[in-house]
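Q: below are the sequence and a predicted model; questions follow.
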There are 2 protein chains.
Amino acid sequence: MEPTDRKWPTIYDVAREAGVATSTVSRALTNPGRVNARTRDRVVEVAQRLGYRTNPLAQALPSGRTRTVALCVSDITNPHFFGIIRGAEQQARAAGCTLILSDTEESPDLEAANIERLSGSVDGFVIAASRMSDQQIGELTGRHRLTLISRQVSGVPSTIVDHEDGTRQIIEHLASLGHRSVVYAAGPRRSWLAAKRWHAIRTIARKLGLAATRLGPFPPAVRGGAAAADATLGQGATAVIAHNDLLAIGMLRRFSDRAVHVPGAISVVGYDDIFGADFCSPPLTTLAGQFDEAGRLAIDLLLGTRDGTRPPQAENQVVLPSHLVVRGSTGPAPS
Amino acid sequence: MEPTDRKWPTIYDVAREAGVATSTVSRALTNPGRVNARTRDRVVEVAQRLGYRTNPLAQALPSGRTRTVALCVSDITNPHFFGIIRGAEQQARAAGCTLILSDTEESPDLEAANIERLSGSVDGFVIAASRMSDQQIGELTGRHRLTLISRQVSGVPSTIVDHEDGTRQIIEHLASLGHRSVVYAAGPRRSWLAAKRWHAIRTIARKLGLAATRLGPFPPAVRGGAAAADATLGQGATAVIAHNDLLAIGMLRRFSDRAVHVPGAISVVGYDDIFGADFCSPPLTTLAGQFDEAGRLAIDLLLGTRDGTRPPQAENQVVLPSHLVVRGSTGPAPS
DNA sequence: AAATCGACTGCAAGCGGTTGCCAAACTTTG
DNA sequence: CAAAGTTTGGCAACCGCTTGCAGTCGATTT
C-alpha cells in the first residue's frame, strides 16, 4: 500500500457531492464573489468534509502561475546566504508561494543551466551574487522574470546592501586608526561585488589620502585565507580588507599560525558579518547589512507585492543601509 | 512586454513542424525505444531547433510524478543543516529532481502545515530533525512518502549519524582526561535527539563509572549558551557536553565573559562539528559526522535510487559513522 | 404586462503532456 | 506468395482545474 496511491478528492468529487458543476466549485473556492453565498457555503462545507485540497499542478497548468519562486545562490555553504535564504523563504511563504533552492556552486554555467531547467516550474528567479555576466543576465531578463541580490544590472530589479557607503565607513575607520595604506584581498574574478568593492576602496582611499593595493583573486572561502594572508604580509601592509568574512577568518587563522599579531601588527576587516564573525579570534571587524531584509525585498520585487510604505526607487534597485561593526580585529596602526 | 508572455513551443508545435503526431513527439522524447530511429532523430532535431522545453507541470499532471522533493529543516539558520542541505540538493539534482526548501522554525505545527501544503507539489519529503511526535510522523507516513534525518521512527526510512557510538567516544575521551562526572546541557524538550543523547550519556557514563547530570532544556542556539554555562558552573562540573555546537559556542563565550578558563577549569564538548567549531576560542572538541552524506542518502532512500554498493539495512534505517574531533576545549580535569 | 437587466450557474474548450488501443506497414516464416 | 508476427505511429481519452460564453430565472423598469 503505497502512500501515493491514495487518491485525493478532486473538484469533480466535490461538485458531485454538492450537486453543482465543477466550474462552480472552482469559482466558490478561488473567486468567492462570483457565486451565491449559499452555494459557496455548501461547496466549502463539502470540500472541507471530503478533505479536498486543490492540486497545485492542475491549477498552475491553465493559469501559468505556479506560485513558486526559485532562489539561486552561488554557494550554499557560505553562511552569508543564510540570512538571505531565510528572509526569502519567509516572504515567499507569506505570499503563499513555495521556494525552490538552487545551489550554483560558483559556476555561471551551472547557474544558467539551472535557470533554464527550472523555468516552467517557477514564476520567477531571485539570484543572489550571480556569477553571470551582465550580458547573460540581460538576455535572461527577456525570457524570465528575475530579481538580483548583491548585484546591479541596468533594467533589472535588485536589492543590494550599500557597499559603497560601507566601504567608506571601513576606510574612514582604518584612517582614524592611523593606517596610511590598505590592501584589498580580492574575491573571484567573476564577482561583480569584488570589482565594485575594489573600485570603491580605491576611490575612497585616494580621497582620504591612503594608498590602496589589490591582491588576488582568492577563493572567497576560509581556505583562501592562507594565501591571502601571506600575500598581504609580503606587501608589508598594516591593514587588509578581505573580500568577505570567510576569507577574513581564513586570514586570521593564518596570521595566528604565523604568529602575526592581529590587530597589533595588522588590522583585518571583512564584509557581511556572518555567523562566526563575532566569535573568531580576534572577533572580526566587518561590515554588516540586513541580508534577511534583502531576501525579503527581493521576493517582494519579484512578485510585485512590495508594500507601499517604502519609497519606490529608480528602476526598482533598492539599496539597503550597511553599518560597520567594530570588533577586535582592527586597531591602531603600528608605529 | 512581459517576459512570461512569450510562449514556449509545445509538443504541438514540434509535431506540426516535424509532420508527426504529438504522441510520437512525446514518445520520441521520453521513450526513445518506442519510435523509429529516423523519426526520433527528426523529432529531436526539430525540438532542438524550436527550442522546445518540456513543461514539467504538464508532464507531472497525468503521471503524478513531480520530480520534486521537499527538504524540511527545523531551523535554516543553524549551520548544522548546511551539509545536509547541500548534500540533498546535489543528490536531488543528480536524480533529475528539484529541491524545495521548507523552514519549520522549530515548530511541529508549522512542520505539519508545510507538509500538508506541499503535498501535491512534491513526490516526497525529507525531514531533518523533526520536532513532530512519533505518532504524528506515523500518521504522515500513511499519506506521504517520507524519509527522516537525525530521527528514527519504526517503519520509516531514515539516516542518522551514530550518536550512541559518538557519545561513547566523547565520554571515554573525558574519562581518559580524568573527569569523574559530566553535565549534559540539554536541547529542546521536543527534540528526539536530545532525549537519545541524554539516554546514551547516562548509560555510558554509568558503565564507565562517571556521574551524569542533565541541565536544561536550553534553546539549541548560541544565545542559549549563557544560561547553560551559568547552570553548569552552578553544578561545579568539570566537563559539560552541550546538546550541539551552537550551544557549546554560546557556553564558551559565557565562560570567557566570566573568566572561567576552558579547558583549565572546565572542558566543553559539542555535537555536529559545524562551521565555526574550528575557529572559536578555544576551538571546540566536537563529534563530527558526514551530514552531507546523510542528506544525499536521505534523498536516495526517498527516491529509491540508492546504489547497490551499500549494504541494505533493516527497515532502511541507515546509521552513518561519527568521530570525535579533539580540539582545545577539552583538557585534563582540574585536580 | 411586456421588456430589460443582473446575478448565478452550467457547458465545454482548453492548459501541455501521456498512454492504451488499434491500424497500417514492414518483416519473417513456411 | 500468403500467413503470422513486429514495428511504428496516430487517435483520442484522460490528468484536475480555469474561464469565456451563454442560458435560466427572478427582479426591475416602462
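A: That came through fine. Residues are numbered from 1 along each chain as shown, chains lettered A, B, ... in the order given.

Q: now do the contacts for the closest residue to A:Ala60 other than its chain neighbours.
A: What sits nearest to A:Ala60 in space, not counting adjacent residues and going by C-beta to C-beta, 6 or more residues apart in numbering or on different chains, is A:Thr66, at 4.4 Å. Glycine gets a C-beta too; all of them are placed from N, C-alpha and C. With contact set as C-beta atoms under 8 Å, 6 or more residues apart in numbering or on different chains, A:Thr66 has these partners: A:56, A:60, A:121-123, B:57.

Q: over to A:Ile274?
A: If you count contacts by C-beta under 8 Å, 6+ apart, A:Ile274 has them with A:78-80, A:82, A:244-246, A:286.

Q: so which of the contacts of A:Thr66 are in helices?
A: Within those, residues falling in helices by DSSP state H are A:56, A:60, B:57.

Q: PyMOL command for the buried members of the residues you listed?
A: Those of the ones in helices among the contacts of A:Thr66 that count as buried under 16 or more other C-beta atoms under 10 Å in any protein chain shown are selected in PyMOL with:
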select buried, (chain A and resi 56+60) or (chain B and resi 57)
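
Q: let me have the ones in helices among the contacts of A:Thr66 in TSV, adding distance to DNA strand D and pLDDT as columns.
A: Output for those, formatted as TSV (distance: C-beta to the nearest atom of the strand, whole Å; pLDDT from 0 to 100):
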residue	distance to DNA strand D	pLDDT
A:Pro56	8	92
A:Ala60	8	91
B:Leu57	9	91
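
Q: out of the ones in helices among the contacts of A:Thr66, which is nearest to B:Ala128?
A: Closest approach between the ones in helices among the contacts of A:Thr66 and B:Ala128, by C-beta to C-beta: A:Pro56, at 23.2 Å.

Q: so how far is DNA strand C from that closest one?
A: Distance of A:Pro56 to DNA strand C, computed by C-beta to the nearest atom of the strand, to the nearest Å: 13 Å.

Q: which residue sits closest to that residue, ignoring its sequence neighbours?
A: Nearest residue to A:Pro56 in three dimensions, chain neighbours excluded: B:Ser121, at 4.8 Å (C-beta to C-beta, 6+ apart).

Q: quick one, what contacts that neighbour?
A: Counting by C-beta under 8 Å, 6+ apart, the residues that B:Ser121 touches are A:56-57, A:68, A:98, B:66, B:68, B:70, B:100.

Q: does the helix or strand A:Ala92 falls within reach chain B?
A: A:Ala92 is part of helix A:80-94 when elements are defined by DSSP states H and E. Yes - against chain B, helix A:80-94 shows contacts by C-beta under 8 Å from any C-beta of the partner chain at A:82-83, A:85-86, A:89-90.

Q: count of neighbours near the residue nearest to A:Gln152 when sequence neighbours are not counted?
A: Spatial nearest neighbour of A:Gln152, chain neighbours left out: A:Ser158 (5.2 Å); criterion: C-beta to C-beta, 6+ apart. Residues near A:Ser158, counting by other C-beta atoms under 10 Å in any protein chain shown, number 25.

Q: quick check: A:Ser158 touching A:Leu148?
A: Yes - in this structure A:Ser158 lies within contact range of A:Leu148 using C-beta atoms under 8 Å: 3.8 Å.

Q: common neighbours of those two, please.
A: With C-beta under 8 Å, 6+ apart as the test, A:Ser158 and A:Leu148 both reach A:Ala298.

Q: before we move on, back to that, the residue nearest to A:Ala60 in helix, strand or coil?
A: Here A:Thr66 is coil, with the state taken from DSSP: H, G, I helix; E, B strand; the rest coil.

Q: please apply the same query to the one 5 residues further on.
A: Applying three-state DSSP to A:Leu71 yields a three-state assignment of strand.

Q: try A:Val318
A: Reduced to three states by three-state DSSP, A:Val318 is strand.

Q: what is the burial count for A:Gly142?
A: Neighbours of A:Gly142 using other C-beta under 10 Å come to 9.

Q: check which helix or strand covers it.
A: Using DSSP H and E, A:Gly142 sits in helix A:134-143.

Q: contacts for that helix, please.
A: With contact meaning C-beta under 8 Å, 6+ apart, helix A:134-143 is reached by A:108, A:112, A:115, A:119, A:127, A:130, A:132, A:146, A:148, A:151, A:153, A:155-156, B:3, B:6.

Q: got a winner among those for most neighbours?
A: Comparing the contacts of helix A:134-143 by number of neighbours (other C-beta under 10 Å), A:Ser130 comes first, having 31 neighbours.

Q: skipping its backbone neighbours, what lies nearest it in space?
A: A:Arg151 (5.1 Å).

Q: could you grab the helix/strand/coil label for that neighbour?
A: A:Arg151 ends up coil, using three-state DSSP.

Q: likewise for A:Arg214?
A: Classified using three-state DSSP, A:Arg214 is strand.

Q: picking up where we left off before, ok, the contacts of A:Thr66 vs DNA strand C, which is closest?
A: Distance to DNA strand C, by C-beta to the nearest atom of the strand, is smallest for B:Leu57 among the contacts of A:Thr66, at 7.3 Å.

Q: list the contacts for that closest one?
A: Counted by C-beta under 8 Å, 6+ apart, B:Leu57 has contacts A:57, A:60-61, A:66, A:120-121.

Q: mind checking how far it is from A:Asp292?
A: 30 Å (C-beta to C-beta, to the nearest Å).

Q: pull out the buried positions in the top helix by length along chain A.
A: Counting residues, the longest helix in chain A under DSSP H turns out to be helix A:192-208. Neighbour-count burial for helix A:192-208 flags A:192-194, A:196-198, A:200-202, A:204-205, A:208 (criterion: 16+ other C-beta under 10 Å).

Q: count of neighbours near the residue nearest to A:Gly225 when sequence neighbours are not counted?
A: Excluding its sequence neighbours, the residue lying closest to A:Gly225 (C-beta to C-beta, 6+ apart) is A:Gly250, at 1.8 Å. The number of residues packed near A:Gly250 is 26, by other C-beta under 10 Å.

Q: element containing A:Gly250, please.
A: Per DSSP H and E: helix A:245-257 holds A:Gly250.

Q: which elements pack onto that helix?
A: helix A:225-234, strand A:239-242, strand A:267-271 (3 or more C-beta pairs under 8 Å, 6 or more residues apart in numbering or on different chains; DSSP states H and E).

Q: can you tell me the average pLDDT over the longest one?
A: Helix A:225-234 shows a mean pLDDT of 96 in the predicted model.

Q: which SS state does A:Thr24 fall under?
A: helix.

Q: just to revisit the earlier point, let me know the closest of the contacts of B:Ser121 to DNA strand C.
A: Distances from DNA strand C to the contacts of B:Ser121, taken by C-beta to the nearest atom of the strand, are shortest for A:Leu57, at 8.9 Å.

Q: any idea whether the closest residue to A:Ala28 other than its chain neighbours is helix, strand or coil?
A: The shortest distance from A:Ala28 to any non-neighbouring residue, by C-beta to C-beta, 6+ apart, is to A:Val43 (4.0 Å). Following three-state DSSP, we place A:Val43 in the helix state.

Q: counting neighbours, what do you get for A:Val43?
A: Neighbour count of A:Val43, defined by other C-beta under 10 Å: 26.

Q: so what's it up against?
A: So A:Val43 contacts A:14, A:18, A:20, A:24-25, A:28-29, A:35 (C-beta under 8 Å, 6+ apart).

Q: may I ask which two of the contacts of B:Ser121 are separated the most?
A: Greatest spacing in the contacts of B:Ser121, by C-beta to C-beta: A:Leu57 and B:Ala70 (14.4 Å).

Q: what number of residues lie near A:Gly264?
A: A:Gly264: 11 neighbours (other C-beta under 10 Å).
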